[in-house]
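>>> turn this into a model:
(chains A and B)
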There are 2 protein chains.
Amino acid sequence: MKCTVCRGPAVIDVRRHNSAFCPEHFVKHCEGQVHKAIHEHRMIERGDRVLVAVSGGKDSLALWDLLAGLDIHADGLYLGLGIGDYSGESAHHARAYAQAHGRKLHEVDLASDLGFTVPVAAEVTHRSPCGSCGLSKRHLFNQFAIDHGYDVVATGHNLDDEAAVLLGNVLRWDVGYLGRQHPVLPATDGFARKVKPLVRMGEREMAAYCVVRGIDYQVEECPMAAGNRHLGYKEALNAIEERSPGTKAAFVFGFLERGHARFDDDVASERAALAPCQSCGAPTPGDVCAFCKLRKRVARADAVDDRRSG
Amino acid sequence: MKCTVCRGPAVIDVRRHNSAFCPEHFVKHCEGQVHKAIHEHRMIERGDRVLVAVSGGKDSLALWDLLAGLDIHADGLYLGLGIGDYSGESAHHARAYAQAHGRKLHEVDLASDLGFTVPVAAEVTHRSPCGSCGLSKRHLFNQFAIDHGYDVVATGHNLDDEAAVLLGNVLRWDVGYLGRQHPVLPATDGFARKVKPLVRMGEREMAAYCVVRGIDYQVEECPMAAGNRHLGYKEALNAIEERSPGTKAAFVFGFLERGHARFDDDVASERAALAPCQSCGAPTPGDVCAFCKLRKRVARADAVDDRRSG
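Have a look, this model is predicted:
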């Protein structure tokens, strides 16, 4: 296998691009794809203050690294979710990368700063942990950006993630989610801009990027996500991609070109109808936002436990 | 496993309905679902002349049988596709059912009536045989209905078929196909109404229906379809359905409720722009319809072969 660019020995092939790359040209290829995504969708403008949502996994560390390669300065925010050893190791990788590259990493810890963890939230709500986790992340990354003057929150969602989420959304024809699924969600009152610069990059390419660049990352999947629907959608898409390389990219980009606008009619009016949460001030369709409701439920459960053991 | 209706021994469970049935109540269940589909989408009105596209497989024979159970008289049309033993056996099952139940079965033979077969068309066009086959079927079933005064062509597409086609259409975001994907396509100039009364029935249920009703059918998959994309989409959906029963039904019916209307804007104008094919008179967007073009290509290839061997 030879590099498509320089004919030197290749270390990775990218079937949907019908290409293979040596380490040097693979990094260039990744930078080119991320540059293209950022400019095509006007994700980040000169002078924007950018906050990367850093989990310690391959995608968010690769994103942070790729942004630097494109001369986009970004700070990181690591969220301690309290998922045992998994969270401990993830934090370690996030901190190690920040220290080695002289980057600023903020940290928020669910347990010490907010009084609960993802496993506790899952237990209290009797729901999938992924629901409470996603809700907490969306809320806290946005809140941190707003509170600290960041214009943009960049997340490491890659092409595989986007394709799997899109598949779930069309399988349910969840028209609200379809209207909101886009690599850029513009800033509005109380919301920082949300961008996904890795939307053109496959999961496997992001792992390879970290290896080539010598970035250590959390290789384990989150133990609480095992067996969830999202992973089932990824497996189904992988089987189809295996037969027809390029299917995922055509799915996601075809949606953006020819599908998305058919679903975004309600989104603007939905956003316009939001008002500040009575408890924390974040925009919400109700009186109290879903995150504050979650915190209250956990606090109530704690109080019951205290009375029982008291 | 007990019948949900009478508590007698059940022979099949239907997970997405959280039900199981004895033979008698399973037939009633199928009739009820087909009745619901027909009425919900106004597929067939009293007095309509109905033509069933009969392949000799489980779906089309079950459809023919179920329509009779609902007092809907329908004639059949069997199309000889010239796919070796597979076509021979399929014809046998279609004729045997018609004879045993005193039904009228028309027959059109691609080879003797049109001068080619599906394998020959595939060879000449250098394309997937499924393309030429589908094109020929759509053209000939419609043409036969128009020529013989049938109002409706009913096909045996079941829920699994519709879900797999829908998945292919969204993976490509083929907005034209999405606009045309519906259990009823109304009659317009040169087109009989097309209906899919089995849209609420799973593939497995149709096989069980035939077993329960003692209908012999072609159990082999078409040998030319092996490995095609459609079957890959079915496998992917089966894997998801296995984890989450009801996914396929939610996908197809969710599309009809909340998706389809977002794609049908272009379809009416497309249909209005059709004009009669200069060769056969069928409606077409060009001068000559795709079926006549296919016939011409085959005839040209034959002429070349004759000159070579002559």
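
>>> by contact count, what packs against the longest strand along chain A?
Taking DSSP state E as the criterion, chain A has its longest strand at strand A:74-80. Applying 3 or more CB pairs under 8 Å, 6 or more residues apart in numbering or on different chains; DSSP states H and E, we find strand A:74-80 packed against strand A:50-54, helix A:58-69, helix A:84-101, strand A:105-109, helix A:129-147. Glycine gets a C-beta too; all of them are placed from N, C-alpha and C.

>>> so how far is the second one off the chain centroid?
Put plainly, it is helix A:58-69. In terms of CA atoms, centre = their mean, to the nearest Å, the centre of helix A:58-69 is found 12 Å from the chain centre.

>>> for the record, mean pLDDT for it?
Computed over helix A:58-69, the mean pLDDT rounds to 98.

>>> just the buried residues of that helix, please?
Applying a neighbour-count criterion of 16 or more other CB atoms under 10 Å in any protein chain shown, one finds A:58-67 buried in helix A:58-69.

>>> can you list these in a markdown table and add distance to B:G202?
Shown next, in a markdown table, are the buried residues of helix A:58-69 (distance: CB to CB, whole Å):
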| residue | distance to B:G202 |
| --- | --- |
| A:K58 | 39 |
| A:D59 | 38 |
| A:S60 | 41 |
| A:L61 | 45 |
| A:A62 | 42 |
| A:L63 | 42 |
| A:W64 | 47 |
| A:D65 | 48 |
| A:L66 | 46 |
| A:L67 | 48 |
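
>>> could you tell me how many residues sit around A:A192?
A:A192 has 25 neighbouring residues, counting by other CB atoms under 10 Å in any protein chain shown.

>>> measure the residue nearest to it when sequence neighbours are not counted to chain B for me?
With sequence-adjacent residues excluded and distances taken as CB to CB, 6 or more residues apart in numbering or on different chains, A:A192 is closest to A:A145, at 3.8 Å. According to CB to the nearest CB, to the nearest Å, A:A145 and chain B sit 32 Å apart.

>>> chain B contacts on the stretch 201-310 of chain A?
Neighbours of chain B within the stretch 201-310 of chain A, by CB under 8 Å from any CB of the partner chain: A:229, A:232-233, A:235-237, A:239-240, A:243-244, A:247, A:250-251, A:254-255, A:257-259, A:262-263.

>>> contacts only, for the closest residue to A:G56 other than its chain neighbours.
With CB to CB, 6+ apart as the criterion, A:G56 has its nearest non-adjacent residue at 3.4 Å, and that residue is A:S90. For A:S90, the contact set (CB atoms under 8 Å, 6 or more residues apart in numbering or on different chains) comprises A:55-57, A:78, A:218.

>>> again, 7 Å this time
By CB atoms under 7 Å, 6 or more residues apart in numbering or on different chains, A:S90 lies in contact with A:55-57, A:218.

>>> out of these, which comes closest to chain B?
The shortest gap between chain B and any of the contacts of A:S90 belongs to A:G57, at 24.2 Å (CB to the nearest CB).

>>> ramachandran angles for the closest one?
The phi and psi values for A:G57, taken as degrees, to the nearest 10, are phi -90, psi 180.

>>> please list all residues in contact with A:P245.
Applying CB under 7 Å, 6+ apart, the residues near A:P245 are A:15-16.

>>> per-residue confidence for it?
pLDDT, A:P245: 94.

>>> mind checking how far it is from chain B?
A:P245 is 13 Å from chain B, by CB to the nearest CB.

>>> A:H157 now?
For A:H157, the distance to chain B equals 19 Å [CB to the nearest CB].

>>> re earlier: what pairs with the longest strand of chain A, parallel or antiparallel?
When pairing is defined by DSSP bridges, strand A:74-80 lines up against strand A:50-54 (parallel), strand A:105-109 (parallel).

>>> deepest-packed of these, please.
Burial of those is given as mean neighbour count (mean count of other CB atoms under 10 Å in any protein chain shown); strand A:50-54 ranks first at a mean of 26.

>>> keeping just the C-alphas, turn it into CSV.
Taking Å, rounded to 0.1, in the frame of the first residue of the first chain, the C-alpha atoms of strand A:50-54 are listed here in CSV:
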residue,chain,number,x,y,z
VAL,A,50,-13.2,28.5,21.0
LEU,A,51,-13.8,25.9,23.8
VAL,A,52,-13.2,22.3,23.0
ALA,A,53,-15.3,19.7,24.8
VAL,A,54,-12.4,17.3,25.9
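
>>> quick one: distance of that strand to the chain centre.
Distance of strand A:50-54 from the chain centroid (CA atoms, centre = their mean) equals 10 Å.

>>> pretty sure A:V252 sits in a helix.
Yes - remark: A:V252 belongs to a helix, assigned using DSSP: H, G, I helix; E, B strand; the rest coil.

>>> circling back to that earlier point, list the contacts for the residue nearest to A:A192?
Contacts for A:A145 were tallied using CB under 7 Å, 6+ apart; they are A:51, A:153, A:192.

>>> tell me how far it lies from B:C22.
Applying CB to CB, to the nearest Å, the value for A:A145 to B:C22 is 61 Å.

>>> now the element after the worst-scoring helix or strand of chain A on mean pLDDT, going C-ward?
Least confident helix or strand of chain A, by mean pLDDT, DSSP states H and E, is helix A:265-272 with a mean of 78. Per DSSP states H and E, helix A:265-272 leads on to strand A:275-276 as the next helix or strand towards the C-terminus.

>>> re earlier: specify which member of the buried residues of helix A:58-69 is nearest to chain B.
Nearest to chain B among these, with distances taken as CB to the nearest CB, is A:D59, at 23.0 Å.

>>> my guess is that closest one contacts A:A154. True?
No - if you go by CB atoms under 7 Å, A:D59 and A:A154 don't touch, sitting 10.9 Å apart.

>>> ok so, going back, switch the buried residues of helix A:58-69 over to TSV; also include distance to chain B.
Shown next, in TSV, are the buried residues of helix A:58-69 (distance: CB to the nearest CB, whole Å):
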residue	distance to chain B
A:K58	25
A:D59	23
A:S60	28
A:L61	30
A:A62	26
A:L63	26
A:W64	31
A:D65	31
A:L66	28
A:L67	29
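
>>> end to end, how far does stretch A:43-52 reach?
With CA to CA, to the nearest Å as the measure, stretch A:43-52 spans 13 Å from end to end.

>>> list the buried ones in it?
For stretch A:43-52, burial by neighbour count (16+ other CB under 10 Å) applies to A:43-44, A:48, A:50-52.

>>> which sections of the stretch 201-310 of chain A are below the confidence cut-off?
Filtered on pLDDT under 70, the stretch 201-310 of chain A yields the residue ranges A:309-310.

>>> residue of it with the smallest distance to chain B?
For the stretch 201-310 of chain A, the residue closest to chain B is A:G254, as judged by CB to the nearest CB, at 3.4 Å.

>>> so who does that residue touch?
So A:G254 contacts B:172-173 (CB under 7 Å, 6+ apart).

>>> from B:D174, how far off is it?
Taken as CB to CB, the span from A:G254 to B:D174 is 8 Å.

>>> report how many residues lie close to A:G214.
Counted by other CB under 10 Å, the residues lying close to A:G214 total 7.

>>> mind listing what's buried along stretch A:288-307?
Buried residues in stretch A:288-307, counted by 16+ other CB under 10 Å: A:289-295, A:298, A:301.

>>> among these, which one sits closest to B:F26?
Closest approach to B:F26 among the buried residues of stretch A:288-307 (CB to CB): A:A290, at 43.7 Å.

>>> how many neighbours does the residue nearest to that closest one when sequence neighbours are not counted have?
Nearest residue to A:A290, sequence neighbours excluded (CB to CB, 6+ apart): A:L135, at 5.6 Å. Neighbours of A:L135 under the rule other CB under 10 Å: 18.

>>> likewise for A:K194?
Neighbour count for A:K194, taken as other CB under 10 Å: 23.

>>> could you list the contact residues of the stretch 51-200 of chain A toward chain B?
Residues of the stretch 51-200 of chain A lying near chain B by CB under 7 Å from any CB of the partner chain: A:170-173, A:175.
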